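Trainee: just need the structure, nothing else, for what follows:
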Amino acid sequence: MSVLASGSTGNSTFIETEKGSVLVDVGLSCKKTDETLNQIGKSLQDINAIFITHEHVDHIKGLKVIAKKYDIPIYANEKTWNAIERKDIIINTDQKFHFNPLEEKEILGLNVQSFNVSHDAIDPQFYTFTKDSKKISLITDTGYVSDTMKGIIKESDVFLFESNHDVDMLRMGRYPWNTKQRILSDVGHVSNEDAAHAMKDVITGNTKRIYLGHLSLDNNIKELARMSVEQILNQYDIDTHNDIMICDTDKAVPTEIYQL
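Mentor: A predicted model of the protein is given here:
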């Protein structure tokens with residue numbers, strides 16, 4: 001896997017098995033998505049499926065052009081498809097597949113499970129990917145992490161976990177108050193501290209890496225997010241130096257391919 005891009009300007013994650021490759025979200029332009037894939041030795045021609053989490057532009061920016069240029073099956077839930085089409089993004093029927101919340105599908109040798117998150121989109125959902133007892137869970141764009149979400153993502157070897165903002169930076173920052181209220185709300189984004197407290201409930205002996213995702217450009221910095229998460233996890237005797245690696249993500253530079 002590789003987190004190609006993560007942040008408020010665009011999100012996309014690459015996952016590969018011996019049977020094929022998938023992207024979760026295409027929040028970069030078609031050209032930028034291909035350039036970013038090239039950085040890890042891949043291209044859009046290698047992609048066999050795309051999973052969409054929700055209709056916000058930082059998750060579907062490249063969808064219209066990618067779907068037109070490449071005959072790739074695309075999965076999203078029914079309400080999200082409707083919201084995408086209202087944005088004048090029309091996908092060919094033979095490329096369009098429904099993947100509704102709390103469903104499981106076998107795709108390219110991966111067991112894929114969808115689950116809802118709490119965000120101000122029409123019906124946002126994220127995914128877990130399991131193969132040969134190895135599990136990857138992606139969870140960003142949520143105002144909180146419920147017990148149901150935790151139950152679904154637990155036992156993962158790798159997480160992409162939202163660590164969107166530092167609360168003090170957000171409160172003192174330049175955003176208007178209504179935007180701050182949205183981000184801090186139950187349908188906004190998870191803070192560094194809230195992310196860490198959720199992580200401690202889902203980390204098990206299987207967990208090897210946690211990628212910190214969807215960092216705010218204005219209200220967070222990588223070093224602060226990593227430090228905040230590590231401090232809280234260390235308080236719960238979770239060793240972030242020897243047992244689990246806390247990894248940065250970037251809005252434009254993909255992470256190195258990690259093999260499970």
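Trainee: helix, strand or coil: sort out residue 83 for me.
Mentor: Look at residue 83: counting by DSSP: H, G, I helix; E, B strand; the rest coil, its state is helix.
Trainee: quick check: pLDDT value at it.
Mentor: With respect to pLDDT, residue 83 scores 98.
Trainee: these two touch, right, it and residue 122?
Mentor: Yes. Using CB atoms under 8 Å, residue 83 is in contact with residue 122, at 4.4 Å. (C-beta placed from N, C-alpha, C; glycine too.)
Trainee: mind listing the shared neighbours of these two?
Mentor: 54-55 (CB atoms under 8 Å, 6 or more residues apart in numbering).
Trainee: run through the residues that contact the residue lying closest to residue 116 once chain neighbours are set aside.
Mentor: Residue nearest to residue 116 in three dimensions, not counting chain neighbours: residue 101, with 4.8 Å by CB to CB, 6 or more residues apart in numbering. When contacts are counted by CB under 8 Å, 6+ apart, residue 101 touches 77, 114-116, 123, 125.
Trainee: do residue 46 as well
Mentor: 16, 21, 37.
Trainee: let's go with 6 Å and repeat that
Mentor: residue 21 (CB atoms under 6 Å, 6 or more residues apart in numbering).
Trainee: what ranges does the stretch 101-250 of the chain have for its helices?
Mentor: 147-153, 167-172, 177-184, 192-202, 222-235 (DSSP state H, counting those that start in this stretch).
Trainee: ranking those helices by burial, who's on top?
Mentor: Mean neighbour counts were taken over those using mean count of other CB atoms under 10 Å, and the top value, a mean of 21, falls to helix 192-202.
Trainee: can you give me the neighbour number for residue 57?
Mentor: Per other CB atoms under 10 Å, the neighbour tally for residue 57 reads 11.
Trainee: how much space between it and residue 133?
Mentor: Using CB to CB, to the nearest Å, residue 57 is found at 36 Å from residue 133.
Trainee: ditto for residue 185
Mentor: 37 Å.
Trainee: who has more neighbours out of those two?
Mentor: A direct count of neighbours by other CB under 10 Å for residue 185 and residue 133 places residue 185 higher, at 14 against 9.
Trainee: residue contacts, the residue nearest to that one when sequence neighbours are not counted?
Mentor: Using CB to CB, 6+ apart and skipping residues adjacent in sequence, the residue nearest residue 185 is residue 143, 5.6 Å away. Contact analysis of residue 143 by CB under 6 Å, 6+ apart lists 118, 185-188.
Trainee: which of those residues ranks first by neighbour count?
Mentor: When neighbours are counted by other CB under 10 Å, residue 188 leads those with 22 neighbours.
Trainee: do you know the pLDDT at the closest residue to it other than its chain neighbours?
Mentor: Spatial nearest neighbour of residue 188, excluding adjacent residues (CB to CB, 6+ apart): residue 143 at 4.6 Å. Looking at residue 143, its pLDDT reads 98.
Trainee: now swap in residue 248 and tell me
Mentor: Listed pLDDT for residue 248 reads 98.
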